[in-house]
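>>> Task: produce atomic coordinates for the following.
(4 chains)
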Number of protein chains: 2
Amino acid sequence: MKLSNGVEWALHSCVTLSQSREPVPAARLAELHGTPPAYLAKQLQALSRAGIVRSTAGQVGGYSLTRPAAEISALEVVRAIDGTEPAYRCTEIRQRGPLALPAERCERPCAIARAMAAAEEAWARALGEVTVADLAERIDADSGGTAMAAVGRWLTTTR
Amino acid sequence: MKLSNGVEWALHSCVTLSQSREPVPAARLAELHGTPPAYLAKQLQALSRAGIVRSTAGQVGGYSLTRPAAEISALEVVRAIDGTEPAYRCTEIRQRGPLALPAERCERPCAIARAMAAAEEAWARALGEVTVADLAERIDADSGGTAMAAVGRWLTTTR
DNA sequence: TAGAACTCGGACAGAAAATATCCGAGATCA
DNA sequence: TGATCTCGGATATTTTCTGTCCGAGTTCTA
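Below you'll find the predicted structure:
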């Protein structure tokens, strides 16, 4: 079970975008985060498709959040990049082999699939309770209250 | 985030092994579950390395559980196949780029990494509370109390 | 006691997915 | 009206996962 590397960049990008009212180009975000520009752009496109960020074309274009950061959960961002399919997918082993069960007796998911799904729900619930605003606030607190202001400054001055 | 397909086979194999006191060859398990024999053997080797099953060579050899099924959690099985590394790994973005933080101020994990780790702990806790014996009991209950007995019979008769 | 058959174990190709990149379409400003 | 800057999807490369094979070791039988 491995989470795509782009998830980290997407989360950091959302936190960064929460500090700017103006659109921020993908190349600028890549420079700030030290990531491959073209690949980060791909992740931002996924966020755009999911309705988390809005893209603006043209000379002063870039990406910006569509909603207040307090209304965007970390779960949404992860799902936008990594997809919504569950990590565990049952291939219905019980319907194969010499002791195969008939399909009409398999309406309920297999007990193993139920246990795995319950664990994933616990994971999703934990991530759903955290918002991008929470992350920005915690990162700021870790730095002693200077980090987010520095980001905002860098985004506006180095235009 | 995708979980290896072998996790499903390993969990079913452990449930099956809990119904037999005699060792069961990998080929037999593959036949019962309808899976590629050689590939299932690979997963069983991983279970062996993790200390969940014991392998016995020779004519009447095969695999058997090392402990009572009630003392083997689903989490152990998943970790044996999928590895123990966390799905999200922080690449320390905060230490890169023009606003990079010095390493000495990064002793605590990044707030984003903390949130992701907390979600994974919730996932692991849910799986850790379920044992192989629980799974066998639930599968049996789903079938009306006939499934596990049928497995035990098949394992001994079709020798 | 020697042979034969059956078992596991790690080393070996093929397929799928993720990673990284490029150039074209569209919009804004001078 | 033209030039420049932006995003967007289609395109190679690398890594991981899936699937397979043959050799080493052990047990039972003659």
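
>>> Now name the helix or strand holding residue A:124.
For residue A:124, the host element (DSSP states H and E) is helix A:111-128.

>>> That helix - contacts with which helices or strands?
Helix A:111-128 makes packing contacts with helix A:74-82, helix B:6-17, helix B:74-82, helix B:111-128, helix B:132-142 when contacts are defined by 3 or more CB pairs under 8 Å, 6 or more residues apart in numbering or on different chains; DSSP states H and E. Using the backbone N, CA and C atoms, a C-beta is placed for each residue, glycine as well.

>>> let's see 6 Å
The helices and strands touching helix A:111-128, judged by 3 or more CB pairs under 6 Å, 6 or more residues apart in numbering or on different chains; DSSP states H and E, are helix A:74-82, helix B:111-128, helix B:132-142.

>>> how about whatever residue of chain A ends up closest to DNA strand C, secondary structure?
Closest contact between chain A and DNA strand C, by CB to the nearest atom of the strand, is at residue A:58 (2.5 Å). Of the three states, residue A:58 takes coil according to DSSP: H, G, I helix; E, B strand; the rest coil.

>>> number of nearby residues for it?
Number of residues near residue A:58 (other CB atoms under 10 Å in any protein chain shown) recorded here: 7.

>>> about what we covered before: tell me which of the helices and strands packed on helix A:111-128 approaches residue B:93 most closely.
helix B:111-128 (8.6 Å; CB to CB).

>>> Could you confirm whether any residue of the closest one contacts DNA strand C?
No: using CB under 7 Å from any atom of the strand, helix B:111-128 stays clear of DNA strand C, with a minimum separation of 14.5 Å.

>>> I'd like the helices and strands packed on helix A:111-128 written out as a markdown table, with mean neighbour count and mean pLDDT added.
As requested, the helices and strands packed on helix A:111-128 are exported to a markdown table (neighbours: other CB atoms under 10 Å in any protein chain shown; pLDDT from 0 to 100):
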| stretch | mean neighbour count | mean pLDDT |
| --- | --- | --- |
| helix A:74-82 | 22 | 97 |
| helix B:111-128 | 19 | 98 |
| helix B:132-142 | 19 | 97 |
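
>>> can you list the residues of chain A near DNA strand D?
So chain A meets DNA strand D at A:2, A:25-28, A:38, A:41-42, A:44-45, A:48-49, A:55-59, A:61-63 (CB under 7 Å from any atom of the strand).

>>> which sections of chain A are below the confidence cut-off?
Within chain A, the ranges that satisfy pLDDT under 70 run A:158-159.

>>> One more pass at 90, please.
For chain A, the stretches flagged by pLDDT under 90 are A:1, A:59, A:157-159.

>>> Quick check: residues of it near DNA strand C?
Counting by CB under 7 Å from any atom of the strand, the residues of chain A near DNA strand C are A:4-6, A:36-39, A:41-42, A:56-61.

>>> So which of the residues you listed wins on neighbours?
residue A:6 (20 neighbours).

>>> give the contact list for that one.
A:43, A:81 (CB atoms under 6 Å, 6 or more residues apart in numbering or on different chains).

>>> First-to-last residue distance for stretch A:28-37?
By CA to CA, to the nearest Å, the extent of stretch A:28-37 from end to end equals 8 Å.

>>> Same question for that stretch: list its buried residues.
Within stretch A:28-37, the residues scored as buried using 16 or more other CB atoms under 10 Å in any protein chain shown are A:28-35.

>>> Now render those as a markdown table, adding distance to residue A:136 and secondary structure.
Shown next, in a markdown table, are those (distance: CB to CB, whole Å; DSSP: H, G, I helix; E, B strand; the rest coil):
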| residue | distance to residue A:136 | secondary structure |
| --- | --- | --- |
| A:28 | 18 | helix |
| A:29 | 15 | helix |
| A:30 | 19 | helix |
| A:31 | 19 | helix |
| A:32 | 14 | helix |
| A:33 | 15 | helix |
| A:34 | 19 | coil |
| A:35 | 19 | coil |
